[in-house]
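J.: Starting from these lines, generate the structure:
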Amino acid sequence: MKHYALDQWIDFDRGLVPAEDAIRMRNHLAAGCTSCQREAEFCAQLTSVCQRLETQRLGTEKVPESVIRMARAIFPVRSSTRPKRGLLLPIELIYDSFLVPSPAGLRATWQVGWQGLYRAGDCSVDVRIEPELKSTRAALIGQITNHVLPQVEMANIQVCLRSGKLVVAEALSNRFGEFQMEYEQQTRLKLCFTLQDGSKCIQVPLKSFTSDKPVNAARTSIRKRSATGKQ
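T.: The predicted structure follows:
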């Protein structure tokens, strides 16, 4: 009994063999050749996978946004788009946990993490950074709300953490306006929010700090940076 090679079964599944050869190959499978049956099934599965990949490459099937965000969080990319200055909403710092006075009688306190509250237009941005101990990585947890109309849902807002032009991490807010991400601490960090289909944007500067310093030392560092005009 004649057996067919792997490349012949691949051409068979792709419809590249002559009609007479295709009939003989079908009859060969119908005769019960187990060896060729296994190779034919493997080639059929391989052809199906390749066709799906080709379909995605041509853009008829879009990659889910959640997969794209996860990939960008793992592999930071440089963004080619830059928000216009005319679209940026001015922000105001309402609360900074590093600037809260220490309790009376204590010379220093230990505070792991930082929390801040900003306002920009009708929006309030509550941010908390929790650095990993003995590591340069940190977790960012936040919420964006409309303090003028609290009933307005702040869902699916694009939240992007940038260091200059580098996109460090991305997330989408849930229906409560909450979001979270993990990132590698670095300089020039800005938390960016895109509102109303890109017509408005909020940029919140974030501090880079380590978690193994007392709060008083962190406050001194912040005051020095503020005095010199550096972030």
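J.: Show me the domain layout of the protein.
T.: The record's domain parsing of the chain by automatic domain parsing lists 6-57, 66-228.
J.: can I get those in TSV with mean neighbour count and mean pLDDT?
T.: To be clear about C-beta, it is placed using only N, CA and C from the backbone, and glycine gets the same treatment. Shown next, in TSV, are the domains of the chain (neighbours: other C-beta atoms under 10 Å; pLDDT from 0 to 100):
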stretch	mean neighbour count	mean pLDDT
domain 6-57	13	85
domain 66-228	15	77
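J.: which stretches of this structure form strands?
T.: Using DSSP state E, the strands of the chain run over 77-78, 92-96, 114-120, 123-131, 137-146, 158-163, 166-172, 178-184, 189-195, 200-205.
J.: As CSV, these with distance to residue 54 would be great.
T.: Below are the strands of the chain laid out as CSV (distance: least, C-beta to C-beta, whole Å):
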stretch, distance to residue 54
strand 77-78, 25
strand 92-96, 52
strand 114-120, 45
strand 123-131, 43
strand 137-146, 38
strand 158-163, 30
strand 166-172, 28
strand 178-184, 34
strand 189-195, 33
strand 200-205, 38
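J.: Of all the ones you listed, which one is nearest residue 47?
T.: In terms of C-beta to C-beta, the element of the strands of the chain nearest to residue 47 is strand 77-78, at 32.9 Å.
J.: returning to that earlier point: quick one: closest of the strands of the chain to residue 26.
T.: Nearest to residue 26 among these is strand 77-78; the distance by C-beta to C-beta comes to 48.9 Å.
J.: residues in contact with the residue lying closest to residue 194 once chain neighbours are set aside?
T.: Closest residue in space to residue 194, ignoring its immediate chain neighbours: residue 158 at 4.3 Å, by C-beta to C-beta, 6 or more residues apart in numbering. Applying C-beta atoms under 8 Å, 6 or more residues apart in numbering to residue 158 gives the contacts 170, 172, 193, 194.
J.: partner residues bridging the second one?
T.: Beta bridges link residue 172 to residue 158 when assigned by DSSP bridges.
J.: swap in the third one?
T.: Per DSSP bridges, residues listed as beta-bridge partners of residue 193: residue 159, residue 202.
J.: got a list of what it touches?
T.: Residue 193 is in contact with 123, 125, 144, 157, 158, 159, 160, 201, 202, 203, 204, counting by C-beta under 8 Å, 6+ apart.
J.: now it: how far from residue 164?
T.: To residue 164, residue 193 is 18 Å away according to C-beta to C-beta, to the nearest Å.
J.: same check, this time on the second one
T.: With distances taken as C-beta to C-beta, residue 172 is found 23 Å from residue 164.
J.: you'd agree residue 186 is up against residue 163?
T.: Yes: between residue 186 and residue 163 a contact is recorded at 5.0 Å, counting by C-beta atoms under 8 Å.
J.: follow-up on the earlier one: can you lay out the contacts of residue 158 as CSV showing distance to residue 48?
T.: Converted to CSV, those look like this (distance: C-beta to C-beta, whole Å):
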residue, distance to residue 48
170, 32
172, 32
193, 42
194, 39
